[in-house]
Each structure stands twice: as C-alpha cells, then as structure tokens.
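Undergrad: Generate a structure from the sequence data that follows.
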Amino acid sequence: MASVIQDFKMDILQRREISKLSLNNQFQVSIGSLPSGVQSYLNVIGVNWRWIAENAGLMCNEATLPTSSFATAEVKDNYHGINQQFAHNRIYVESDFTFYIDQNYNMIKIFEGWMDYISGDDINGDPASPTFFRRFNYPNGNGGTGGYKASTMSITKFEKNDNYGRRPSLTYVFHNMFPKSIISIPVAYGAADLTRVTVTFQYDRYYIENTPATSIKSNGETQSSRYGINPLDNVFGIASLKNSTDRNKRLSDLRRKTETRRNSTGSQVMGSIASGLVNRSFRKGLFKNETVAQFKAATQGGSTGKDK
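TA: Take a look at the predicted model:
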C-alpha cells in the first residue's frame, strides 16, 4: 500500500511547478532604438538603425541578469549593546553582455561608435592630429541629440511551453543604460572559433516587467494562468486538452497506469478514484430541454454526450 501511494504522489509532484526548474539558456536580449545622437553617429560609420533593431539582440549569446544591493549605515546606542543597520542607498550592479561578431564587424562598430559618441569624438576630425580633442556629450541630451543613455534595452528570461501551453517570462528593462567598457577580444592562430565581444553596461536602475503566463482554455483560446484552470485538471495535465474525447482518453491512460501499480491492499481505492475520474462528464451545463435529473444521470453515471 505504501509503495502505491508513494508512486501516486510522485506522479502528481512531477506535474507540479515545484519540480520544474528554470534553464539558463532560454533568454532574449533586445536593444531597440538608440538615442538620436548616437544613432546619427552610427549611421555615418555605416551601421543602420534597422540592423541594430532587428539583429543586434539576436547576436547576444551570453548575458547576466541584473542585480542590486543596499548601502547601509550603522547606528549605535539606540539600544544598549545593540548596533543597528539601516539601508540608505540602492546600488545597481553593472551587467556584462557577450555578442557574436558578424563578418561586417557591425557589433564592434556599434559599441565602439557608441563610446566614441559619449567621449565626444569629432567624426570629421583626425584622431592622429595633435589638435584633436574630446568634449564629452551630455548624458541626457543637449540641443535635441537625446544624450547617450538608452532606456530601450531589455533582457527577457523565459521558459519552454509547459504541458498546459503556458510560457512564463520575466523581463528586465534597463533605464539610462550605456556601455562602460569593452573587454579585450582575443584572437589566436590554431583551431577556429567564433569571435565574441563582451561589453560591460552601466545604468541608473532597472525594473521588472512580470508578464503573466498564458494557458489554453478548453475551447483553444489563451488566458492568463491565474484564471479558469481547475487545480485537479492542472495536476493531471487535462487543462490543455481541447475537447472531452481527449480529456477522457487522458483519464483512461491514468486509470491504466494506476491499475498496473495495484497490489492486494491498495488496488480497490486507487481504482475507484481513477474510475470515477474517467466516468466524469466534462459538461458544465444542461442541454436544451434537458432536465436536472437527466443532467445528473449523465454526469454521474458515465454518459459522454457531446459538449454543450
């Protein structure tokens, strides 16, 4: 009896979200549109805004989800023998992003050009000239240039669709982000490998957009996972099935699995539970001209008439 119950519990636990852990290779980076001054600078050096919007995020092969911490201050003598800590400033930690480099070197041009714009390089000047100088641009705009900080970059962490058609996701949106440094790009003779560039970004803060996971209704429409799903149907993977035939087939399969685990002490209990589930009709209302007594007989007695 104990082994049957344990197996039954394991079947249920394997279908619950607590047993499904997040994978680190399912994410998407979006760069979006850059400030107008930065984009104009990049256009001059041959990087089109459309290429950035459509391809730059896809070139990212590694990233770090942003984190933050608190700066604290210690207060003494409020209570005898106790020192207390209080948070007084939130510190946002810089994030690293690694990108594949295309054969036109657009990814290098984007970040080198962005940093050149920040430092005020004269695109028409000669950097080798002794009279060449830099005057840094304003971070948040001057004269309609839009500054050099971007608030359109984001990283979305998502998962594969589960058994119920849901796809949970979490989006980190960076506010006032700009490249702080470009880490050295190694090249070497020997076995060929893809070239990558790693950029460290600084930002003022980030915020999280928590998009509710979507699931499938019995009629095939999508809905938020917070609404309309029977917990028992979730456990047995029934919620994603679109019609009563498929749902009854799923329950029949569950019944057969249960019967294979029967033993002399626990078979009748487990079998009766599965049998009751299989005989359950999934109709939620009366047919036209159907009486309450007929409805009860159909739903409790095992009739599998067509859904209303």
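Undergrad: For the rest of this, base every contact and every neighbour count on C-alpha atoms.
TA: Will do.
Undergrad: Buried residues of stretch 36-50, list them for me.
TA: For stretch 36-50, the buried set under the neighbour-count rule, 16 or more other C-alpha atoms under 10 Å, comprises 36-42, 47, 49.
Undergrad: end to end, how far does stretch 30-39 reach?
TA: One end of stretch 30-39 sits 16 Å from the other (C-alpha to C-alpha, to the nearest Å).
Undergrad: what does the average pLDDT come to for it?
TA: Throughout stretch 30-39, pLDDT has a mean value of 89.
Undergrad: Show residues contacting it.
TA: Stretch 30-39 is contacted from outside by 49, 52-53, 56-58, 113-114, 117, 145-150, 152-155, using C-alpha atoms under 8 Å, 6 or more residues apart in numbering.
Undergrad: Could you list everything Thr198 pairs with in the sheet?
TA: Thr98 (DSSP bridges).
Undergrad: got a list of what it touches?
TA: So Thr198 contacts 96-99, 182-185 (C-alpha under 8 Å, 6+ apart).
Undergrad: This protein: strands as residue ranges?
TA: 27-30, 60-63, 68-79, 82-92, 95-100, 154-158, 169-182, 196-209, 214-216, 222-224 (DSSP state E).
Undergrad: ok and the third one relative to strand 196-209, angle-wise?
TA: Strand 68-79 and strand 196-209 meet at an angle of 60 degrees, taking axes from the mean of the first three to the mean of the last three C-alpha atoms, to 10 degrees as the criterion.
Undergrad: For strand 68-79, what does the pLDDT average out to?
TA: Mean pLDDT, strand 68-79: 87.
Undergrad: Parallel or antiparallel, which strands does it pair with?
TA: According to DSSP bridges, strand 68-79 forms sheet pairs with strand 82-92 (antiparallel).
Undergrad: ok, now the first one?
TA: Each strand paired with strand 27-30, and its direction, by DSSP bridges: strand 154-158 (antiparallel).
Undergrad: residues in contact with the strand it pairs with?
TA: Residues contacting strand 154-158 (C-alpha under 8 Å, 6+ apart): 26-31, 65, 167-174.
Undergrad: Turn the buried ones among those into a named PyMOL selection, would you?
TA: In PyMOL, this line selects whichever of those come out buried by 16+ other C-alpha under 10 Å:
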select buried, resi 27+28+29+30+31+167+168+169+170+171+172+173+174
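Undergrad: Looking at the contacts of strand 154-158, which has the smallest pLDDT value?
TA: Lowest pLDDT among the contacts of strand 154-158: Arg167, 73.
Undergrad: Ignoring the adjacent residues along the chain, who's closest to Glu74?
TA: In space, not counting the residues next to it along the chain, Glu74 is nearest to Gln85; the distance is 4.7 Å by C-alpha to C-alpha, 6 or more residues apart in numbering.
Undergrad: What is the neighbour count of that neighbour?
TA: Gln85 has 12 neighbours, counted by other C-alpha atoms under 10 Å.
Undergrad: residues in contact with it?
TA: When contacts are counted by C-alpha under 8 Å, 6+ apart, Gln85 touches 72-75.
Undergrad: In a markdown table: those residues, plus neighbour count and distance to Ala191.
TA: Formatted as a markdown table, the contacts of Gln85 follow (neighbours: other C-alpha atoms under 10 Å; distance: C-alpha to C-alpha, whole Å):
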| residue | neighbour count | distance to Ala191 |
| --- | --- | --- |
| Thr72 | 13 | 49 |
| Ala73 | 12 | 52 |
| Glu74 | 9 | 55 |
| Val75 | 12 | 58 |
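Undergrad: Closest to Thr291 out of these?
TA: Within the contacts of Gln85, the smallest distance to Thr291 is 69.8 Å, found for Thr72 (C-alpha to C-alpha).
Undergrad: Hmm, Asn43 is touching Trp49, no?
TA: Yes - with contacts counted by C-alpha atoms under 8 Å, Asn43 reaches Trp49, the gap being 7.2 Å.
Undergrad: just to revisit the earlier point, closest to Tyr189 out of the strands of the chain?
TA: Closest of these to Tyr189 is strand 196-209, at 15.6 Å (criterion: C-alpha to C-alpha).
Undergrad: what's the residue nearest to Ile123 when sequence neighbours are not counted in contact with, if anything?
TA: Nearest residue to Ile123, sequence neighbours excluded (C-alpha to C-alpha, 6+ apart): Tyr41, at 7.7 Å. In this structure, Tyr41 makes contact with 113-114, 117, 123, judged by C-alpha under 8 Å, 6+ apart.
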